[in-house]
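Asks: what follows is a predicted protein model with its sequence.
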Amino acid sequence: MNGNSSSLWVYLSQSPLLWLTVTLSVYAIADAVSLATHRHPLANPVLHSIWIIGGFLLITNTSYTTYFSGAQFVHFLLGPATVALAVPLYDNRKRVVAAIVPMLISLVAGSITAIVSVVLFARAFGLPQAVILSLAPKSVTAGVAMGISESLRGDASLTAVSVVLTGIMGAIIVTPLMNRIAITDFRARGFAVGIAAHGIGTARAFQVDEVAGVFSGIAMGLNALVTSLLVPLAVTLLLH
């Protein structure tokens, strides 16, 4: 890279607009590839956007702080996007009300399973208690999970990574798994992925079917509430 190009890169790399453009462009390309593969689970746009952008940051020796100065604008839109889930929820309110009892039963069972399973597996592998506390809230959206982790004196950054990995794995696995075990009710499919894989799973559910997306969004919100109550109790019972 010659002197002029180097100076230009230094100038551009400090501009928040560059990283916003990179984020949106990479996701748009990844989403187009996903659409071209008929939404194949392994072509998940979130998964591929992460490693592409991560590799670009490593190659250009760009810090996460510099990158986030631009990407924060996308992060801000998570709030409005979450609120927008209320629109399809309202349109399908009769279906939601009709399934309220099985939803509540599934919510409690799913939340307990998500918490207890990761704690027991982590203990079986001999992981430190601080790591276990960080992994316990992995199945809820990042903001809530990090808050729970901090209240338990876990590592919020580790929690954030586990939340993202959980969401991506859920989004990849959910469709072939549900097809394999012959679950055809999109209410059940959506609710299950919402509990297990929060926002990333919900995005995948909306790609498959609107009803699945609605029930996934409900599960994501309710699970955040229930998990914030159950994690401290589970940690007390299982680690002390």
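Replies: Received, thanks.
Asks: below-threshold pLDDT in this protein: ranges please.
Replies: Along the chain, segments meeting pLDDT under 70 span 1-16, 240.
Asks: helices along that one, start to end?
Replies: Ranges of helices in the chain, per DSSP state H, are 3-13, 16-36, 45-59, 64-76, 78-84, 86-91, 93-98, 100-124, 129-135, 142-151, 156-180, 186-208, 210-239.
Asks: mind listing what's buried along the third one?
Replies: Neighbour-count burial for helix 45-59, with 16 or more other CB atoms under 10 Å as criterion, is recorded at Pro45, Val46, Leu47, His48, Ser49, Ile50, Ile52, Ile53, Leu57. From N, CA and C alone the C-beta is placed, and that goes for glycine too.
Asks: which of the residues you listed sits closest to Val214?
Replies: Minimum distance to Val214 across these is 20.0 Å, recorded for Val46 (CB to CB).
Asks: break this structure down into its structural domains.
Replies: As assigned by automatic domain parsing, the chain contains the domains 3-76, 83-239.
Asks: and the shortest one, how far out from the chain middle?
Replies: By that I understand domain 3-76. Distance of domain 3-76 from its chain centroid, counting by CA atoms, centre = their mean, to the nearest Å, is 18 Å.
Asks: what does the longest one give?
Replies: Centroid separation between domain 83-239 and its chain, computed with CA atoms, centre = their mean, is 9 Å.
Asks: how much space between Ile148 and Gln129?
Replies: 15 Å (CB to CB, to the nearest Å).
Asks: higher neighbour count, those two?
Replies: Ile148 (26 against 15; other CB atoms under 10 Å).
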